[in-house]
Structures are given as C-alpha cells and as structure tokens.
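In: following is a predicted model, sequence given first.
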Amino acid sequence: MLWESCASKPVGTKRFLDSPHVKAHRCASNARGGREHQALGRTKGGLNTKIHAVVDPRGEPVNILLSAGHDADISHAPAVLEEVSAAMVVADKGYDSDACREWLRARGIQPCIPPRSNRNHPETYSKAASRKRHVVENFFERIKNYRRVATRYDKLAVTYLGFVYLAIIVLSLR
C-alpha cells in the first residue's frame with residue numbers, strides 16, 4: 001500500500017530505502033494466523049518486526065511495509081519499491097544483489113547501493129548520494145520516539161502499522 005502523505009507529494013527524484021528491526025514485546029505473540037501472517041519473526045534477540053520504508057529527500061515517507069524480523073531486507077525490496085517512482089534509489093549494503101540492481105534498472109531507476117565487501121566485481125555507486133542516506137535513518141529516529149512504535153505491543157500487524165501511520169501523521173502536523 002502506497003503511503004499518501006497528507007502534507008504534499010514527494011519531492012525530488014531520489015528515494016531512500018532502509019528497514020530497521022523493532023523489538024516485539026512478549027504480549028505481541030500468539031495472535032491468530034501465526035507469526036508469519038503477523039509480521040513477527042524470531043531472531044537471536046527474540047521476536048522482531050521490520051519496518052521497510054522509502055522516503056523522499058525531505059524524509060517524508062513514500063511507502064511503508066512490515067515484515068518478519070528474520071526476513072532479509074533484499075527479499076522485500078521489490079514489494080516496497082513497486083509503486084514508487086524515482087530516478088535513483090539509495091540503499092545500504094543489505095540491498096546489494098545483482099537481481100535487485102537488474103530489477104531497478106529494468107524500471108529505469110539507477111541503484112545507488114554500496115557493494116558488500118565480499119563481492120568479486122564490485123559495482124560503482126555515487127558516494128555523494130550515499131552520504132545523504134541519513135535522511136531515512138532520521139525518519140526512523142523520529143517515529144521511534146513514540147514508545148508504541150519503538151516497541152511492538154500489538155498482536156496484529158495491521159494494528160501496529162496503524163500506530164506507525166499515526167506517528168507519521170502527528171509528526172507531519174508539527
């Protein structure tokens with residue numbers, strides 16, 4: 001589902017992509033449908049959820065998606081970027097794969113993803129654009145100031161996503 005910002009349309013042609021973990025409280029488990037349908041995954045640290053977000057250069061969200069905490073970032077990149085229009089997508093090393101780069105280029109989007117250290121033939125990327133990736137990190141820092149977003153207490157993924165949206169709305173009204 002594409003997030004329609006109440007403030008204005010996304011600016012610029014760059015989009016920034018990231019997905020941090022959110023620790024789930026023990027009361028968030030045991031919902032009907034199981035953990036997989038509720039975007040909960042078990043990792044070393046316990047139950048987690050990931051918020052995948054695409055933001056514009058101002059830090060305004062363009063698209064948001066939830067997934068289980070143990071899922072790889074790269075596996076949800078096509079879903080979160082499906083409806084997003086951009087000339088360049090800036091992401092971290094977690095999104096570095098040939099398949100993701102080809103998928104972006106097939107859509108006319110230039111990938112700006114630093115290569116992993118174990119790549120035999122690392123691709124070039126814009127270091128200047130990559131330095132501005134802090135925009136998406138700042139977005140997560142702002143919404144995680146709300147306790148209900150920083151720790152997931154909700155059993156249902158749709159309820160938790162609603163509180164993420166509520167935090168974004170409150171921030172946009174300031």
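Out: Thanks, I have the structure now. Residues are numbered from 1 along each chain as shown.

In: average model confidence for stretch 41-56?
Out: In this model, stretch 41-56 carries a mean pLDDT of 89.

In: before we move on, what about stretch 123-132?
Out: Mean per-residue pLDDT for stretch 123-132: 86.

In: which other residues reach that stretch?
Out: By CB atoms under 8 Å, 6 or more residues apart in numbering, the residues outside stretch 123-132 that reach it are 14, 16, 57, 88, 90, 101, 111-115. Using the backbone N, CA and C atoms, a C-beta is placed for each residue, glycine as well.

In: now, the most widely separated pair of those residues?
Out: By the measure CB to CB, 57 and 115 form the most distant pair in these, at 23.3 Å.

In: report pLDDT for residue 145.
Out: Residue 145 is given a pLDDT of 95.

In: one step back: just the buried residues out of the contacts of stretch 123-132, in ChimeraX syntax.
Out: One line in ChimeraX is enough to select the buried members of the contacts of stretch 123-132, burial here meaning 16 or more other CB atoms under 10 Å:
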select :14,16,88,90,101,111,112,113,114
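
In: tell me which of the contacts of stretch 123-132 is nearest to residue 154?
Out: When the contacts of stretch 123-132 are compared against residue 154 (criterion: CB to CB), the nearest one is residue 16, at 26.4 Å.

In: okay, and the closest one sits in which element?
Out: The secondary structure element spanning residue 16 is strand 14-18 (assigned by DSSP states H and E).

In: what lines up beside that strand in the sheet?
Out: Strand 14-18 pairs in its sheet with strand 46-55 (antiparallel), strand 88-90 (parallel), by DSSP bridges.

In: the helix or strand following the shortest one - what's its average pLDDT?
Out: Sequence order places helix 98-106 as the next helix or strand after strand 88-90, per DSSP H and E. The average pLDDT for helix 98-106 rounds to 92.

In: can you lay out the contacts of stretch 123-132 as TSV showing distance to residue 77?
Out: Output for the contacts of stretch 123-132, formatted as TSV (distance: CB to CB, whole Å):
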residue	distance to residue 77
14	16
16	13
57	19
88	14
90	13
101	10
111	10
112	13
113	10
114	15
115	16
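
In: from the contacts of stretch 123-132, which is closest to residue 27?
Out: Closest approach to residue 27 among the contacts of stretch 123-132 (CB to CB): residue 16, at 32.5 Å.

In: sounds good, over and out.
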